[in-house]
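Undergrad: need coordinates for the below:
(one chain, ligands or ions: 2)
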Amino acid sequence: MSINKKNDYQWIKIDPGKCVHCGICVNYCPRDVLAKDDNGVPYMKHRDDCWYCDVCSFVCPKNALVLKEVPYLIK
Ligand code: SF4
Ligand code: SF4
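TA: Ligands and ions are numbered 1, 2, ... in the order given. I've put the predicted structure just below:
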């Protein structure tokens, strides 16, 4: 079973009421972690490559994306 299916646990949280499916977060992620699902909503396609850099939430023009948690090592 793949560990990167969109229904698996992810630490980014998207507010579907705010996301306008612009793809900016997908394009700016330095690790190519994110992709759009069939509805155009970003999800962590390559979750294990995430650096927790927070770029995705920083660039979102709608404040629709947040990191739910950050590993204790870099808090
Ligand atoms: S925290 Fe950084 S590496 Fe992880 S998904 Fe967001 S932009 Fe990509
Ligand atoms: S940048 Fe924000 S509004 Fe655009 S696709 Fe990503 S979460 Fe949605």
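
Undergrad: beta partners for the most centrally placed residue in the chain?
TA: Nearest to the mean C-alpha position of the chain, counting by CA atoms, centre = their mean, stands residue 12 at 4.6 Å. Residue 12 forms beta bridges with residue 67, as assigned by DSSP bridges.

Undergrad: close enough to count as contact, it and residue 67?
TA: Yes: using CB atoms under 8 Å, residue 12 is in contact with residue 67, at 6.0 Å. No exception for glycine: its C-beta is placed from N, CA and C like everyone else's.

Undergrad: overlap of the contact sets of these two?
TA: Shared contacts of residue 12 and residue 67, defined by CB atoms under 8 Å, 6 or more residues apart in numbering, are found at 56, 57.

Undergrad: circling back: give the contact list for the residue nearest to the centre of the chain.
TA: Contacts of residue 12 by CB under 8 Å, 6+ apart are 34, 42, 43, 44, 56, 57, 65, 66, 67, 68.

Undergrad: can I get those residues in a markdown table with neighbour count, pLDDT and distance to ligand 1?
TA: A markdown table is the format used below for the contacts of residue 12 (neighbours: other CB atoms under 10 Å; pLDDT from 0 to 100; distance: CB to the nearest ligand atom, whole Å):
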| residue | neighbour count | pLDDT | distance to ligand 1 |
| --- | --- | --- | --- |
| 34 | 23 | 97 | 5 |
| 42 | 26 | 96 | 9 |
| 43 | 20 | 95 | 10 |
| 44 | 21 | 95 | 6 |
| 56 | 25 | 97 | 3 |
| 57 | 16 | 96 | 7 |
| 65 | 22 | 97 | 8 |
| 66 | 15 | 95 | 10 |
| 67 | 15 | 92 | 6 |
| 68 | 9 | 88 | 11 |
